[in-house]
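*Asks:* Got a predicted structure here, sequence first:
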Amino acid sequence: MKFGLSEDQTLLDATVRRLLADQIPLDAVRRYAEGDGDQENWNALCELGLGGVLVPESAGGLGLGILDAAVLAEALGYYVTPAPFLGSAVLFPRALTQAGLSEVEPWHGRLGEALSGTLRVGVALPQAGGQRGRDGVQAAGQALSGTVTLALDDAAQAYLVGADDGALWWVGADAPGFTREAFETVDRTRRSVKITLSECPATLLSQNPAVLADLRAVAWVMLAADTLGASRAMLEKAVAYAGEREQFNRPIATFQAVKHMCAEMAAEIEPCTALVWYAAHCQDHLPQEAATTAGHAKALLGDVGQFVAKTATEVHGGMGFTDLVGLHYWFKRIGFNRQCFGNPQRVRAELAELQGW
Amino acid sequence: MKFGLSEDQTLLDATVRRLLADQIPLDAVRRYAEGDGDQENWNALCELGLGGVLVPESAGGLGLGILDAAVLAEALGYYVTPAPFLGSAVLFPRALTQAGLSEVEPWHGRLGEALSGTLRVGVALPQAGGQRGRDGVQAAGQALSGTVTLALDDAAQAYLVGADDGALWWVGADAPGFTREAFETVDRTRRSVKITLSECPATLLSQNPAVLADLRAVAWVMLAADTLGASRAMLEKAVAYAGEREQFNRPIATFQAVKHMCAEMAAEIEPCTALVWYAAHCQDHLPQEAATTAGHAKALLGDVGQFVAKTATEVHGGMGFTDLVGLHYWFKRIGFNRQCFGNPQRVRAELAELQGW
Amino acid sequence: MDLSYGPRYEAFREEVRGFLAQYGHEAPRGEGLRSEKALAWQRRLIEHGYAARTIPKAYGGYGAQPDILESRIIAEAFAAARVSPGLGGQGISMLVPTLLEVGTEEQKTTFIPPTIRGEMIWCQGYSEPGAGSDLAALRTSAVVDGDDFVVNGQKIWTSTAHLADWIFCLVRTEPEAPKHQGISFLLFPMTSPGIEVRPLVDMTGVANFNEVFFTDVRVPTRQIVGQRGEGWKVANTILGHERGSLGDPNATMTRFNALLELMRQETIDGHRVIDNPLFRDRLAALQSRVLAMRLNDMRILSNKLNGEAAPLANLISKLQGTELRHELEGFAIDVLGELGLAYGANPAKQDGGSWQTSYMYFLGLIIGGGTSQIQKNIISERGLGMPREPKLAK
Amino acid sequence: MDLSYGPRYEAFREEVRGFLAQYGHEAPRGEGLRSEKALAWQRRLIEHGYAARTIPKAYGGYGAQPDILESRIIAEAFAAARVSPGLGGQGISMLVPTLLEVGTEEQKTTFIPPTIRGEMIWCQGYSEPGAGSDLAALRTSAVVDGDDFVVNGQKIWTSTAHLADWIFCLVRTEPEAPKHQGISFLLFPMTSPGIEVRPLVDMTGVANFNEVFFTDVRVPTRQIVGQRGEGWKVANTILGHERGSLGDPNATMTRFNALLELMRQETIDGHRVIDNPLFRDRLAALQSRVLAMRLNDMRILSNKLNGEAAPLANLISKLQGTELRHELEGFAIDVLGELGLAYGANPAKQDGGSWQTSYMYFLGLIIGGGTSQIQKNIISERGLGMPREPKLAK
């Protein structure tokens, strides 16, 4: 019995974090925020295997599971790394596996391209966050029409598109009738787009709504893991800053108010670790708990992240409010994760439905 | 322009508090909690005029308004005083005034009895807290049948009863078909009853649902004021205890954590003062805001009171958990006020309705 | 991530279930501490190794090697079967491990066997009115007079004092020493002359605790555990054990299920409470936290098992567990509305009035066993490595 | 309780409304600080007594007696008419009252007239990187050299430094004195040699603030306000004014109404957000607190007017006002869901993206002007009379 990470997972985690710390430090994040691309980062990460974490070994990948992916997502969140990890490395291979297509061409080959970083796959799931206004996608024959206000990855060659009827489609970014425009958000560590489809030719991946539902659950776990990493980073930065910053002739870390703010953050974050691990584990091994645990992880991390983002910024005082130490990149990434694919209120409404309350 | 209490109100407040501190100290509360009656207390308070605060001068009362009554309610809450104030001194005269009956016999005479403390009038408003299960009262001709799970005052000679259709009735406790049994609650500073009516002869006070709605709003303000008083008492006790209690060779009041707990209580309580005053003022002077401000006062004090009750108990440490200092009487009275006639969730749902959201 | 206990342990679980099937009917159901039924059941449990499992045979135990999973399986199986897992109490949970660690051979043979059999009931004399969070400030004195200590002072929060045969007690024997170094750990009978026990009624209205007063109580000097002045160390060999169990996540999960059931049954204005989106949201939010705490507990178990460390997972569990439970109970009161106020002898009480009782009781647990403020100090210092408060000027 | 302002004041309100009807069209709409339109409007306002109302005529003001209700009526009428109430800024709000209190006659005649006319713009040099909550720890030095102080050091959070003509600045002139007694209050032009202004980008992405660096900046010694070493006292004559205005309850009420409107318009899955019971509850809960804070503000006004004291009502307003506003903005983001993430140049932004901006900006205000932690210290000490933290051992 072991509730926790395996030695391999711990090693993977350490390896990736070393790379992120060395090669994609905050300066690289800033450059991305100011307009640079993330392809170079992504190539470096793919060389380490991140692109292939979920790709079957037959296609050259690592053939690992969602828990491994969650470990990586947490590390990426910890370093607020710009990377198309969620779409290209998680949801794309997951979709193919779930749809039974991963050994079938052209998908088998495309998995190979994705794991090398050559092919980027974005994500457009309008059902995920609650359809607002005219958001939604309908199929007519092999063509899609509709709008997705917030889709992930502005540089993808293709997108996974969820239709209103629960089917999952593949749409090339160069397809006629496909347009995307920047959807600028408060989070500048990842770039989103608004997608408009006008009788746009597309390829059906699965008509089974369970496949789309699975993708949503996996996305929830990944966003939760990302927030977990970002939250832990903010707490560590707050503790470190409080140890250095002196006011009234003593480090502010010696003030009980500051200590208790940090303790409260730790107390909220720590149980989330176990929750995220377990939710990730369930996606591959306990299907009957997969959707609910994913929802719990997404909802709880949404709230805990918001609390930590605010509190850690407060511990940093004025410095936390500036751009100088870049703490706001974490704040905003957590804010993005909270809303993306359903905020806590929405996810909890789903949780109640899922459990037949 | 003056937002606050008049000199008369301040004087009334001080006079009543002096009486409460001297004549109805915690020992008297304990005796009531252990089974004594509250009639003697009530007589003393009526001698001071509490029973007649809302009774028109023509009937021998003080002819004052809801803000004056709220000042008194706050004082009673501050001292967790057992007294039938809400029913006998507030809702009864208010009901008669609203129903246009206060100058009419036998009501005019009964107001005189109420203000002297001879006549006690209880309150049974099943609509107020959300009807649960089979709670509710129906009229057939001049007789009432039904159940009110939680009615105020176990020693009243008569009750104001709200029927499901919004009419307000007067029922004698000695009427045939009237039964009451103790409804023991966690709050032992006031005793409640469960009332069952079986074709019980009654007197109609008003068929106008606006009268019943007005009573509910006034009751909300009074319960809010009671909680405000109890909360302020708990804060003051916490501050005093923290100043005396030493741990680690210093008063715990010098620990930042304890100071901040007290500061947070004060920060929550203080704006409630203005809110309760204003809500009370509206009942007599700004009818278009009367219901909403009453709801805001009831809902906010419900939440603030709960926070203060918990936090002040924590500041008292183990001593707060014992019966020794009696702090729990305040804790429980606040808990009672939170639920009675609608808890914050329920009141806020009403607030949304009232504002046509 | 491997959530199975493995075949050897599953076999053990079957063994426990077999025992429960065969003997479960013998277990007491509400019979008290000293009842023959409870004592017989305790002997039965020890005989099969389901109580005093790791206590050496020499001291009347079963003599098994400590095995965290076996203990967990026993606890789970007994809870699932709703069968009493035998006697608990501070004698068994705190004194016995302490004696095993630092007691003399004579103390072990004298005290452990009757204690684990439930024949000798103990209470704990640690807290004092002036020594709560700052326990080491305790002032109950013990002065040597011939072969005895003479004990004077007062203890509080002594939960089984009115039932106990003996007390294990912290006293100050070296008044001149620094405060942590002047304390000793004594054992003496509650029947000793000079002891007065007064029930301490708490906010729930029940006397769950007592105050204990000592006036010239004579205790033979050999009834000290450890050396004179080392009582603080002796008490701390096992003090940490107590905190984790306050706000137990499995009990909270059981309680959550009761709350869910309540919301399915209760109606407001003719609608089930569970159908109200506001209450659904609050319930789901609680569920997330209950689940996270239960998983955190599995992580703690796993870490113990695999010799891995995650200090924060342990350090936060008392703080979060008690606050969560208090909030859950308060939410149930809101669900019940006015009905939730029912208490005492009121026949309208739902679930035996337990929501109100637990709402208050868990506020007591937020305070007891190290207040939330002390917990936060500990989390920040031991968990996050933040500095202690600077020393004050004299 | 008397909520009417009385006939004399109602007449005054009519007078203000008349002015607005006649001249309102002259007011600037977005034109900047130094625009001719803004300056002309400012002169017009002073002429009629709607700006610089209580500044003596001798210094270019209108010369009216202070009257809290008149001021409030002017503010209310201008806000209702959505007409610019004239120029603000730290020169007008902080420096001018300070000079009136402690300035020399020469300083008053030199600085007040152009400042109130908007011709001389000021920035405030108080905070430093190492002196935030502990402002008195500031280290920018001013050393006398002949008839000048020579200033070296750095300021931060200097909001209009890039626009200002002059700065009022706290500097350390007596390095040997206890920290509160070594500070002086200087005035000097931002064009002085040796001043560098660097924009300070904040988390909203905008440079609302600056850092200001001083290298051998020469300031004539007569440009000191108050005596050498009394700068702390000088600054504190008016420092309290700043805090109350952070988290202004009337602005919060306006914002609440915008949120209500947003919830009426936004839909999720085809339903108006306002119809969702969960969001309705949260909105009503916010409304209770917004209302309470606005009434608390009326109480403060009334107390000033009637010479009554309710210190807590004032002391809590910064803490509660900024936290409430931050929470309100965050709730609006939840209402918008994914759309609430829109920012910067995104055309999908609702209300100009102001919900995200204000959510962050008000976190800044929770921190700025005395953090929430400092506020709680103040509330507990000055409001509740709790003791200060004991002195530390050296």
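*Replies:* Noted; the coordinates are in hand.

*Asks:* which one's the longest strand in chain C?
*Replies:* Assignment by DSSP state E gives strand C:209-220 as the longest strand of chain C.

*Asks:* quick one: strands adjacent to that one?
*Replies:* Applying DSSP bridges, strand C:209-220 is found paired with strand C:148-156 (antiparallel), strand C:195-200 (antiparallel).

*Asks:* residues in contact with the longest one?
*Replies:* Residues from elsewhere that reach strand C:148-156, judged by CB atoms under 8 Å, 6 or more residues apart in numbering or on different chains: B:318, C:125-129, C:138-144, C:161, C:169, C:171, C:173, C:184, C:186, C:188, C:194, C:200, C:209-221, C:224. From N, CA and C alone the C-beta is placed, and that goes for glycine too.

*Asks:* Against chain D, how distant is the residue of chain A found nearest chain B?
*Replies:* Distances between chain A and chain B by CB to the nearest CB are smallest at A:Gln256, namely 4.0 Å. Distance, A:Gln256 to chain D, by CB to the nearest CB, to the nearest Å: 9 Å.

*Asks:* any weak-confidence spans in the chain?
*Replies:* Let's take chain A. Along chain A, segments meeting pLDDT under 70 span A:127-134.

*Asks:* my bad, chain C
*Replies:* Looking at chain C by pLDDT under 70, you get C:239-245, C:394.

*Asks:* Any idea how far the longest helix along chain C is from the middle of the chain?
*Replies:* Longest helix in chain C, counting residues (DSSP state H): helix C:277-306. Remark: helix C:277-306 is offset 21 Å from the chain centroid, using CA atoms, centre = their mean, to the nearest Å.

*Asks:* Report the inter-axis angle for it versus helix D:277-306.
*Replies:* Inter-element angle recorded for helix C:277-306 and helix D:277-306: 100 degrees (by axes from the mean of the first three to the mean of the last three CA atoms, to 10 degrees).

*Asks:* what element comes up after helix C:277-306 heading to the C-terminus?
*Replies:* helix C:311-315 (DSSP states H and E).

*Asks:* what packs against whichever helix or strand comes after that next one?
*Replies:* Using DSSP H and E, the helix or strand that follows helix C:311-315 in sequence is helix C:317-336. Packing partners of helix C:317-336 (3 or more CB pairs under 8 Å, 6 or more residues apart in numbering or on different chains; DSSP states H and E): helix A:256-285, helix B:327-339, helix C:231-244, helix C:249-265, helix C:277-306, helix C:354-367, helix C:372-378.

*Asks:* how much does helix C:317-336 deviate in direction from helix C:354-367?
*Replies:* Note on geometry: by the same axes, to 10 degrees, helix C:317-336 and helix C:354-367 are set 150 degrees apart in direction.

*Asks:* Go through helix C:317-336 and flag the buried ones.
*Replies:* Of all the residues in helix C:317-336, those buried under the rule 16 or more other CB atoms under 10 Å in any protein chain shown are C:317-336.

*Asks:* ok and that helix relative to helix A:256-285, angle-wise?
*Replies:* Counting by the same axes, to 10 degrees, helix C:317-336 lies at 80 degrees to helix A:256-285.

*Asks:* about what we covered before: so which bits of the longest helix of chain C are buried?
*Replies:* Across helix C:277-306, burial judged by 16+ other CB under 10 Å covers C:277-303, C:305.

*Asks:* Can you add mean neighbour count and give the strands paired with strand C:209-220 back as TSV?
*Replies:* Putting the strands paired with strand C:209-220 into TSV (neighbours: other CB atoms under 10 Å in any protein chain shown) gives the following:
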stretch	mean neighbour count
strand C:148-156	21
strand C:195-200	16
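
*Asks:* now these in a markdown table, with distance to D:Ser354?
*Replies:* Below are those laid out as a markdown table (distance: least, CB to CB, whole Å):
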| stretch | distance to D:Ser354 |
| --- | --- |
| strand C:148-156 | 56 |
| strand C:195-200 | 56 |
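
*Asks:* which residues sit in contact with the residue of chain A closest to chain B?
*Replies:* By CB under 8 Å, 6+ apart, the contact list for A:Gln256 reads B:Phe255, B:Gln256, B:Ala257, C:Asn377, C:Glu389.

*Asks:* Go through the residues you listed and name the one nearest C:Pro113.
*Replies:* Distance to C:Pro113 across the contacts of A:Gln256 (CB to CB) is lowest for C:Asn377, with 39.7 Å.

*Asks:* For the closest one, grab the count of nearby residues.
*Replies:* By the criterion of other CB atoms under 10 Å in any protein chain shown, C:Asn377 has 22 neighbours.

*Asks:* Please apply the same query to C:Thr54.
*Replies:* Applying other CB under 10 Å, we find 16 residues neighbouring C:Thr54.

*Asks:* my read is it is in a helix, agree?
*Replies:* No - the assignment for C:Thr54 (DSSP: H, G, I helix; E, B strand; the rest coil) gives coil, which keeps it out of a helix.

*Asks:* so how far is C:Ala11 from the residue nearest to it when sequence neighbours are not counted?
*Replies:* In this structure, C:Thr54 finds its nearest non-sequential neighbour in C:Pro66, 4.7 Å apart by CB to CB, 6 or more residues apart in numbering or on different chains. Look at C:Pro66 and C:Ala11: by CB to CB, to the nearest Å, they are 19 Å apart.

*Asks:* What parts of chain C come near chain D?
*Replies:* Residues of chain C lying close to chain D by CB under 8 Å from any CB of the partner chain are C:Asn276, C:Pro277, C:Leu278, C:Asp281, C:Pro390, C:Lys391, C:Leu392, C:Ala393, C:Lys394.

*Asks:* Which members of the residues you listed additionally contact chain A?
*Replies:* With CB under 8 Å from any CB as the criterion, the residues of chain C next to chain D include C:Pro277, C:Asp281, C:Pro390 near chain A.

*Asks:* In chain A, spot the helix with the most residues.
*Replies:* When chain A is parsed with DSSP H, its longest helix is helix A:209-244.

*Asks:* and chain C, what are its domains?
*Replies:* Per automatic domain parsing, the structural domains of chain C span C:1-87, C:122-234, C:246-383.

*Asks:* so what's the residue in the stretch 101-250 of chain C that chain A sits nearest to up against?
*Replies:* Residue nearest to chain A within the stretch 101-250 of chain C: C:Pro249 (9.1 Å; CB to the nearest CB). Residues near C:Pro249 by CB under 8 Å, 6+ apart: C:Val290, C:Met293, C:Arg294, C:Asn296, C:Asp297, C:Ser317, C:Gly321.

*Asks:* In contact with the fourth one, which residues?
*Replies:* Spelled out, it's C:Asn296. Counting by CB under 8 Å, 6+ apart, C:Asn296 touches A:Glu270, A:Pro271, A:Thr273, A:Ala274, A:Leu275, C:Pro249, C:Ala313, C:Ile316, C:Ser317.
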